[in-house]
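*Asks:* Any chance you could fold what I've pasted below:
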Amino acid sequence: MARPSRTISDSRKGIDRRTLLVGGGAAAGLLIAWAVWPREYPPNLNAGPGETIVNAFLKIDRTGQVIVIVPQTETGQGVTTVLPQILADELGADWRTVAVQSAPISPLYANTLLAREWLASDWTRLLGDAGDWAIGQYATRSGLMLTGGGTSVPMFHDAYRDAGAAARVLLCKAAAARWSVPWESCDIVDGLVSDGSERRLKIGELVEEAAQFDLPAILPLRQGQDGRLAGQDVPRLDTPSKIDGSHNFAADIRLPDMVHASIRQGPIGDAIFAGLDERSASAVTGFLKLVRTERWVAAVATNWWAANKALDLADPVFTLRGKPVDSAAIDAALEAAFSGSAGRRLYAQGDLLPVFEGATILASEYRVDPGLHLALEPLCATARVGPDGAAVWMATQAPGLARAAIAAALGLSETAVTLYPLHAGGSFGRKMDWDVGVQAALIARDVGRPVQLLWSRLEDVVQDRPSAPAQARMAAKIGRNGAIEGWLAKVAAPCAMAQTWARIADGALPHAAAAQTADKASRLAVAGMAPPYAIPNWAVDHYPADVGLALGFARGNAHLHGAFFTESFVDELAHLAGMEAMSFRIQMLGGNPRLAHCLSTAAAMGGWQGGIAGSGQGIAAHVLQGGYAAVMVEASMRGDRLSVSRMIAAVDVGDQVHPDIARQQVEGGLIYGLAFAMGASVSYARGLPTRAMLGRMNLPQLADIGEVTVELIRSTASPVGVSDLAAPLVAPAIANALYTWTGQRLRNLPLLATI
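*Replies:* Here you go, the predicted structure:
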């Protein structure tokens, strides 16, 4: 059995043995020998016949197949290609031999980066590095595996690179021992180990021997660019199975003796099941049983259509405690929040009082409606519960928290629950919640057979956890030189991320989570509101609000409304100053050359005409988690229908491992942002959405989308997450474009609701 060296480091910094053991470093999991792993983190990778476990991120079998372990949920963002590509590049593997396996739940795969962003508080920020360390330790020791916020590559890049480097060194040592040459003279190219001569060995022939060697004190990283996989548009590993239909999503799972279920959970809020017409349900062919709880009722049948039809005929009745949610009440709650006592100044620079006192300022109000997820795949989970434990198949962005919730609901220990994480057919953050898995497990226990629970599209919309509605009061003063001298943003909004955490980590019911966070101001609710421009005096205030909706994780989260408020208002200020909108922004970006480069690139590629009347051109820029982006659009109105003929995005997201996947994510963000601008929202009345069919959501169609261009600006900076970056920019860019087309300033989202 191999013994890890006392120190494993790269040229940037040392990684001491204790850091490696506790899982607190980027390279956590590079241990080769199980015996020295900390006892609280037992190894839980399984090795199949002929497979050798090299480290926590890698297995290699005798045939040379490289099996990369990925802890992140594939939601279409390409993470099951990009992370293996990082490891395979450093290892020297042949891409044709690379496969992917989902990681088991383990502290070694904790996403400490997202945890720090999500769980930071006034106390942890006050403690500085010690506060970050405390959150990281909590996330690691809790096995907090999370996918979201574009953190997958920033979080795991170095770990996968180091995992590949460690495997390469061990394999080279094994080959060198056979050939009696220094191991430093060996290298791996396309899965073959050589020493520079004609001798070649496949890595599968060496892997069992390689596990017997130690790692050096300094872990050498691959040098040079010849033959590298990093930076290449290698074929996505998930594409072939998605094309031929063999890829298993949640609804594709089939188990012996399995039955199907549909569910109803009543109106939005504190709804209690009151009754139904069981006789009508039993008349449906294939119907088997109704399963009731205090909060929901499910019909079980031999096929899903029968289960859903039985529920339709049963017509469940729920009692709603409290006031039903409706759109007018949401608007009133946001307005009332400004006069509440819970508001706090969360960001500030300079002194606004002398700037605003006695001055002429521009003030505008903006509003954003809650945005639905509307993923192509409704929530679905399959469960089997027996006397010895339970197994659940589902797509989840928080597998550890999902398993804990299922175990608690069934009264089992977490080790008695096996969770099989599946790829998601779209998510945009919706699959951070685990409610469908708990429901499937409870139904399976009740009927004594494996059950697949699939939510209907109606249920998916009614019980969605939308992005937060928000209202902003923006004020600013323009100086004589046309620059902004003072800037104040007052934002009334609930904190969707705080609600999500209360549900998935603390087990709070949706309506209770909303109430618990209703009076707590949070930086998470105004993310994206700190202006990226060199404004000497500015402040951002948050006024928390309880709007009666259970809100959730979304693509871009609060940046969706933050960027709309900020970039729309900047455009207004540019017109007030009598300046062209791009130059107005550029003059305030002297300290932010990367964003300025994005702006000038997007404008040049799009043929920017200065935003003159009738041009239908609009522009917006934003910074999100270390990524810089600018979007220019050309938009017009055809009757009452919005048409976007061009969208040009210029982004600086560091040195991306797979440029084409990065472009795909920006393109996907542009379309998501377009849907958010056009109508991925509903009005509410009497506790229910007023529509639920996708065809009635005013979502963009192919005819509404013209040319889409994405330019990745060359950069040597470390790669950052891309999935959330473009989405928040589309709505303000379109609003700014429509101002030049119609002369009307659109300050509400969705935009079409105001025309």
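
*Asks:* quick one: contacts for the most centrally placed residue in the chain?
*Replies:* The C-alpha lying nearest the average C-alpha coordinate of the chain belongs to G148 (Cα atoms, centre = their mean; 2.7 Å). Listed by Cβ atoms under 8 Å, 6 or more residues apart in numbering, the contact set of G148 reads 114, 397, 429, 432, 553. No exception for glycine: its C-beta is placed from N, CA and C like everyone else's.

*Asks:* rerun at 10 Å
*Replies:* 72-73, 75, 111, 114, 117-118, 397-398, 427-429, 431-432, 497, 500, 553-555, 557, 721, 723-724 (Cβ atoms under 10 Å, 6 or more residues apart in numbering).

*Asks:* same check, this time on G78
*Replies:* Per Cβ under 10 Å, 6+ apart, neighbours of G78: 85, 152-153, 236-239, 657-658, 660-662, 664-665, 722-723.

*Asks:* can you check P510 too?
*Replies:* By Cβ under 10 Å, 6+ apart, the residues touching P510 are 265, 268-271, 295, 433, 435, 463, 465, 499-500, 502-503, 549-552.

*Asks:* From those, which land in strands?
*Replies:* When the contacts of P510 are checked against strands (DSSP state E), the matches are 270-271.

*Asks:* Now do A468, the pLDDT please.
*Replies:* Note for A468: predicted pLDDT of 96.

*Asks:* For H511, see how far away the nearest residue to R686 once chain neighbours are set aside is.
*Replies:* Nearest non-adjacent residue to R686, counting by Cβ to Cβ, 6 or more residues apart in numbering: P324, 4.9 Å away. Distance, P324 to H511, by Cβ to Cβ, to the nearest Å: 12 Å.

*Asks:* which neighbours do the two share?
*Replies:* Both P324 and H511 are in contact with 268-269, 271, 548, where contact means Cβ under 10 Å, 6+ apart.

*Asks:* Can you say which two of those are spatially most distant?
*Replies:* Greatest spatial distance among the shared contacts of P324 and H511 (Cβ to Cβ): A271 and G548, at 12.3 Å.

*Asks:* so who does the closest residue to A493 other than its chain neighbours touch?
*Replies:* Counting by Cβ to Cβ, 6+ apart, the nearest residue to A493 once its immediate chain neighbours are dropped is A470, at 3.6 Å. By Cβ under 10 Å, 6+ apart, the contact list for A470 reads 334, 337, 366-370, 491-494, 496, 525-526, 529, 542-543, 545, 547, 558, 560-562, 564-565, 749.

*Asks:* So which other helices or strands are in contact with the helix or strand containing E485?
*Replies:* For E485, the element it lies in under DSSP states H and E is strand 484-492. Where contact means 3 or more Cβ pairs under 10 Å, 6 or more residues apart in numbering; DSSP states H and E, strand 484-492 is packed against helix 327-337, strand 344-349, helix 353-356, strand 362-368, strand 470-478, strand 537-543, helix 559-577.

*Asks:* out of those, deepest packed?
*Replies:* Mean neighbour count (mean count of other Cβ atoms under 10 Å) peaks for helix 559-577 among those, with a mean of 25.

*Asks:* just checking, next helix/strand downstream of that helix?
*Replies:* Downstream of helix 559-577 (by DSSP H and E), the next one is helix 581-586.

*Asks:* average pLDDT for stretch 604-616?
*Replies:* In this model, stretch 604-616 has an average pLDDT of 93.

*Asks:* list the contacts for T239?
*Replies:* T239 touches 78, 81, 247, counting by Cβ under 10 Å, 6+ apart.

*Asks:* Select from those residues every entry located in helices.
*Replies:* When those are checked against helices (DSSP state H), the matches are T81.

*Asks:* Using JSON lines, please lay out the contacts of T239 together with distance to A405 and pLDDT.
*Replies:* Formatted as JSON lines, the contacts of T239 follow (distance: Cβ to Cβ, whole Å; pLDDT from 0 to 100):
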{"residue": "G78", "distance to A405": "28", "pLDDT": "95"}
{"residue": "T81", "distance to A405": "30", "pLDDT": "97"}
{"residue": "H247", "distance to A405": "26", "pLDDT": "93"}
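
*Asks:* what's the neighbour count on Q701?
*Replies:* Residues near Q701, counting by other Cβ atoms under 10 Å, number 10.

*Asks:* meant to ask about A217
*Replies:* With other Cβ under 10 Å as criterion, A217 counts 11.

*Asks:* before we move on, what about T302?
*Replies:* 14.

*Asks:* now swap in A692 and tell me
*Replies:* For A692, using other Cβ under 10 Å, the count is 18.

*Asks:* same check, this time on the one 4 residues further on
*Replies:* When counting by other Cβ under 10 Å, one arrives at 11 neighbours for R696.

*Asks:* Hmm, it is touching G679, no?
*Replies:* Yes. R696 is within contact range of G679, at 9.1 Å (criterion: Cβ atoms under 10 Å).

*Asks:* what pLDDT does R18 get?
*Replies:* In this model, R18 carries a pLDDT of 32.

*Asks:* what residues are up against the residue nearest to A502 when sequence neighbours are not counted?
*Replies:* In space, and not counting its chain neighbours, A502 is closest to A513: 3.8 Å by Cβ to Cβ, 6+ apart. Each residue near A513 by Cβ under 10 Å, 6+ apart is listed here: 465, 498-504, 506-507, 550-552.

*Asks:* And the average pLDDT for the helix or strand hosting A513 is what?
*Replies:* According to DSSP H and E, A513 maps onto helix 510-516. Averaged across helix 510-516, pLDDT comes to 92.

*Asks:* Could you list the buried residues of it?
*Replies:* Counting neighbours by 16 or more other Cβ atoms under 10 Å, one finds that the buried residues in helix 510-516 are 510-516.

*Asks:* what bits of the stretch 201-350 of the chain have low per-residue confidence?
*Replies:* Scanning the stretch 201-350 of the chain for pLDDT under 70 picks out no residues.

*Asks:* Check whether the residue nearest to the centre of the chain sits in a helix, strand or coil.
*Replies:* The local conformation at G148, judged by DSSP: H, G, I helix; E, B strand; the rest coil, is coil.

*Asks:* List phi and psi for it.
*Replies:* Backbone torsions for G148, taken as degrees, to the nearest 10, come to phi 160, psi 170.

*Asks:* Just the pLDDT at it, thanks.
*Replies:* Listed pLDDT for G148 reads 95.

*Asks:* now swap in G23 and tell me
*Replies:* 33.

*Asks:* residue contacts, the residue lying closest to R236 once chain neighbours are set aside?
*Replies:* The shortest distance from R236 to any non-neighbouring residue, by Cβ to Cβ, 6+ apart, is to T81 (4.6 Å). Neighbouring residues of T81 by Cβ under 10 Å, 6+ apart: 68, 70, 74, 95, 98, 100, 234-239, 657-658, 660-661.

*Asks:* now, among these, which is nearest to Q223?
*Replies:* Of the contacts of T81, the one sitting nearest to Q223 (Cβ to Cβ) turns out to be V657, at 17.2 Å.

*Asks:* Now do the SS call for the residue nearest to R686.
*Replies:* Strictly by three-state DSSP, P324 counts as coil.

*Asks:* quick one: contacts for it?
*Replies:* Per Cβ under 10 Å, 6+ apart, neighbours of P324: 267-269, 271, 548, 684-688.
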